[in-house]
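Colleague: Give the three-dimensional model of this entry:
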Amino acid sequence: MANKRKRDNAPESAPVEKTEQQSTKKVKAPAPTKAARASSNSSTSATPFKVGSTSPITIQVVAGSYDRVLHGITATVTPTTTTTTTATPSKNSKKKAAAAAESKTSYKVSFADTFLFNAHASAIRCLALSPPSAPTPGQKGGQKVLLATGATDERINIYNISAHPPSAKAADDQKLLNSITPRPVLENPKNRELGTLLHHSSNITRLVFPNRSKLLSASEDSTVAVTRVRDWALLHTFKCPIPKAQGRPSGDTAALGAVPAGVNDFAVHPSNKIMISVSKGERSMRLWNLETGKKSRVLNFPKDVLMEIGEGKHSTGEARRIVWGEDEFAVTFDRDVLVFGMDCRPRCRVMREDVVGTKMTKVHEIKYVSLGKEEGQEEEKHVLAVATEDGRILFFDTAESELVEPPAPKEEEEEQQHKTKLFEAKTPNAKLIAQLGGKTAGVSGRIKDFTILPVEDEESGKRSWFVASAGSDGRIRIWRLESGDLRVGKEEEGVKAGRQVGELLGTYETENRITCLGAFVMIPRPEGSVESEYEFDSEESEDEESDDE
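Modeller: Numbers count the residues shown, from 1 in each chain. As a prediction, this is how the structure comes out:
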């Protein structure tokens with residue numbers, strides 16, 4: 001009876017609006033495993049998913065759009081190995097016959113719709129996927145993934161997504177639906193909405209699951225909220241100051257008499273102890289101590305470096321995106337990216353025209369990619385991936401040994417710099433390794449968001465990557481990168497750095513203007529497990545015991 005009274009006496013200001021069917025069931029998220037915690041922090045530490053060389057891989061893709069639609073699809077990649085003989089083998093020599101045979105693996109992708117939610121009352125701005133729940137003996141429903149979506153309606157919706165591929169055996173009503181739809185539908189009725197969080201008073205700008213037990217959300221109300229997943233309680237709110245009015249920069253959309261305010265983005269260090277946030281109207285970034293919940297320090301961007309990247313006096317100078325690397329972090333501006341070392345000093349820039357090969361283009365999203373350990377090295381190698389307005393994903397090596405120094409200015413440029421008092425370009429640029437997409441690959445529109453999923457062959461141990469990219473044209477593209485496509489400093493003779501890499505496996509038309517994207521490799525369902533109505537049926541008894549304590 002004590003447990004029942006505790007559940008009935010829940011506070012009236014519960015952050016999640018639950019339906020009548022959900023109110024009698026308490027959802028508990030178990031403590032994340034070490035692998036789950038590592039995969040949640042950032043793409044730099046994501047553990048590769050181990051697969052067989054001939055095993056199909058199912059990728060769950062979730063896309064939010066301007067049209068308020070939350071679209072879930074599965075992309076099943078099936079490898080096919082073909083053996084060809086390049087020469088006629090000798091009857092008396094088996095070795096020559098084996099040497100003449102060559103095997104080639106091709107990949108085919110098939111798409112299927114899994115869910116389609118009219119999620120929000122206005123445009124969806126961001127989404128986040130949690131690490132999968134830990135496998136539990138006797139767990140009926142299998143492993144689950146939490147999905148959080150944020151929009152301009154001030155709401156954060158929480159969904160429960162199965163971490164396992166949907167069953168290919170369709171019911172009679174499902175077969176009837178597939179007969180009239182242009183694409184196959186593998187709907188999982190257990191993918192459902194859990195409730196809504198009302199922790200903010202303005203547009204949601206960023207959502208992150210740093211681990212399985214916490215959800216961090218940023219908003220244009222200049223706050224970053226920390227929510228506990230176990231009971232969806234608001235634990236703490238980081239309040240960022242609203243900047244003072246200093247004129248009205250071009251492109252400002254603030255109301256009359258107001259100033260641009262709100263958190264653009266934040267990034268949590270892999271140790272889960274430090275957070276960096278960047279806000280509108282500020283030429284700086286703020287460090288926060290996640291253990292004490294207080295501001296640590298404020299770091300102003302150097303003026304001369306801002307001048308180099310096109311953020312001069314008449315520009316906003318504010319950062320748009322930020323992401324942590326292994327021993328560095330990268331900050332995006334409107335048309336360039338700055339990489340900072342752990343000493344918080346600029347190490348290099350990324351989008352210099354003579355390195356990229358085109359004029360400065362708008363930057364939409366950045367992520368770090370782990371290449372694994374190279375021969376003779378103890379630490380893993382990482383590269384920075386940048387999505388641009390011209391439909392490319394550029395891969396850069398940001399190591400200090402690979403930086404490209406800026407070219408010396410010509411005499412005419414020196415005179416012009418002296419007359420206009422411009423700063424001379426002194427910041428080195430990261431080395432461009434390769435590019436994915438672009439006009440040469442048939443992608444002309446912007447890449448609004450992308451996700452890179454590492455996989456590792458169980459037999460050979462080689463690492464490859466699947467890339468899911470999406471843009472405002474409504475197309476989701478699935479690419480594959482080979483293990484050698486992103487190698488650093490090992491270009492073969494005649495191969496240009498910044499070469500075109502990646503194989504386009506398939507394209508899916510959502511017919512919506514996509515704003516954000518998330519994806520994960522689905523876990524094969526254990527034998528004998530069945531779908532369960534609730535996420536953690538087997539954990540309910542443990543939950544009651546913890547309430548007694």
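Colleague: Show me the shaky parts of the stretch 201-350 of the chain.
Modeller: Within the stretch 201-350 of the chain, the segments meeting pLDDT under 70 span 245-258.
Colleague: Which residue ranges of it form helices?
Modeller: In the stretch 201-350 of the chain, the helices defined using DSSP state H, counting those that start in this stretch lie at 303-308.
Colleague: Show me the strands in it, by range?
Modeller: 204-211, 214-219, 223-228, 233-239, 263-268, 274-279, 284-289, 294-300, 321-324, 328-332, 337-341, 346-349 (DSSP state E, counting those that start in this stretch).
Colleague: Pipe these into CSV and attach mean neighbour count and distance to Ile523 per row.
Modeller: No exception for glycine: its C-beta is placed from N, CA and C like everyone else's. Output for the strands of the stretch 201-350 of the chain, formatted as CSV (neighbours: other C-beta atoms under 10 Å; distance: least, C-beta to C-beta, whole Å):
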stretch, mean neighbour count, distance to Ile523
strand 204-211, 23, 17
strand 214-219, 24, 21
strand 223-228, 20, 25
strand 233-239, 14, 29
strand 263-268, 22, 24
strand 274-279, 23, 29
strand 284-289, 18, 34
strand 294-300, 12, 38
strand 321-324, 22, 26
strand 328-332, 23, 30
strand 337-341, 22, 33
strand 346-349, 22, 37
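Colleague: Let's have those in CSV, adding distance to Gln500.
Modeller: As requested, these are arranged in CSV below (distance: least, C-beta to C-beta, whole Å):
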stretch, distance to Gln500
strand 204-211, 31
strand 214-219, 35
strand 223-228, 39
strand 233-239, 42
strand 263-268, 29
strand 274-279, 32
strand 284-289, 34
strand 294-300, 37
strand 321-324, 24
strand 328-332, 23
strand 337-341, 21
strand 346-349, 23
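Colleague: give me the beta-bridge partners of Arg480?
Modeller: Phe466, Glu503 (DSSP bridges).
Colleague: Could you verify my assumption that it touches Pro454?
Modeller: No - judged on C-beta atoms under 8 Å, Arg480 makes no contact with Pro454 at a distance of 11.7 Å.
Colleague: Between the two, which contacts overlap?
Modeller: 464-465 (C-beta atoms under 8 Å, 6 or more residues apart in numbering).
Colleague: Starting from Pro132, give me the distance back to the most centrally placed residue in the chain.
Modeller: Nearest to the mean C-alpha position of the chain, counting by C-alpha atoms, centre = their mean, stands Thr451 at 4.9 Å. Per C-beta to C-beta, to the nearest Å, Thr451 is found 15 Å from Pro132.
Colleague: Break down the stretch 351-500 of the chain into its helices, ranges please.
Modeller: 353-356, 411-420.
Colleague: Give me the residue ranges of this structure where confidence is low.
Modeller: Looking along the chain with the criterion set at pLDDT under 70, you get 1-46, 83-103, 137-141, 168-182, 245-258, 374-377, 409-425, 488-497, 526-549.
Colleague: So what sits opposite Ala233 in the bridge?
Modeller: Beta-bridge partners for Ala233, by DSSP bridges, are Arg228.
Colleague: Thought Thr227 was touching it, still the case?
Modeller: Yes - Ala233 is within contact range of Thr227, at 7.0 Å (criterion: C-beta under 8 Å).
Colleague: Is it correct that the residue nearest to the centre of the chain is in contact with Ala468?
Modeller: Yes - counting by C-beta under 8 Å, Ala468 is a contact partner of Thr451 at 4.9 Å.
Colleague: Mutual contacts of these two, please.
Modeller: In contact with both Thr451 and Ala468: 517, 519, using C-beta under 8 Å, 6+ apart.
Colleague: what's the spacing between Gly518 and Pro346?
Modeller: Counting by C-beta to C-beta, the separation of Gly518 from Pro346 is 30 Å.
Colleague: repeat for Leu403
Modeller: Going from Leu403 to Pro346 by C-beta to C-beta gives 12 Å.
Colleague: Please apply the same query to Ser201.
Modeller: Ser201 is 35 Å from Pro346, by C-beta to C-beta.
Colleague: for the host helix or strand of Thr196, which positions count as buried?
Modeller: Remark: Thr196 resides in strand 192-197, with elements defined by DSSP states H and E. Of the residues in strand 192-197, those buried by neighbour count under the rule 16 or more other C-beta atoms under 10 Å are 193-197.
Colleague: and which of those is nearest to Ala128?
Modeller: Using C-beta to C-beta, Leu197 comes nearest to Ala128 of the buried residues of strand 192-197, at 12.1 Å.
Colleague: What's opposite the closest one in the beta bridge?
Modeller: The partner residues for Leu197, given DSSP bridges, come to Val16, Ile156.
Colleague: surely it meets Tyr159?
Modeller: No - the pair Leu197 and Tyr159 does not pass the contact test of C-beta under 8 Å, sitting 12.0 Å apart.
Colleague: all strands for the stretch 351-500 of the chain, in order.
Modeller: Applying DSSP E, counting those that start in this stretch to the stretch 351-500 of the chain gives strands spanning 363-373, 380-388, 392-397, 431-437, 449-457, 463-470, 475-481, 499-500.
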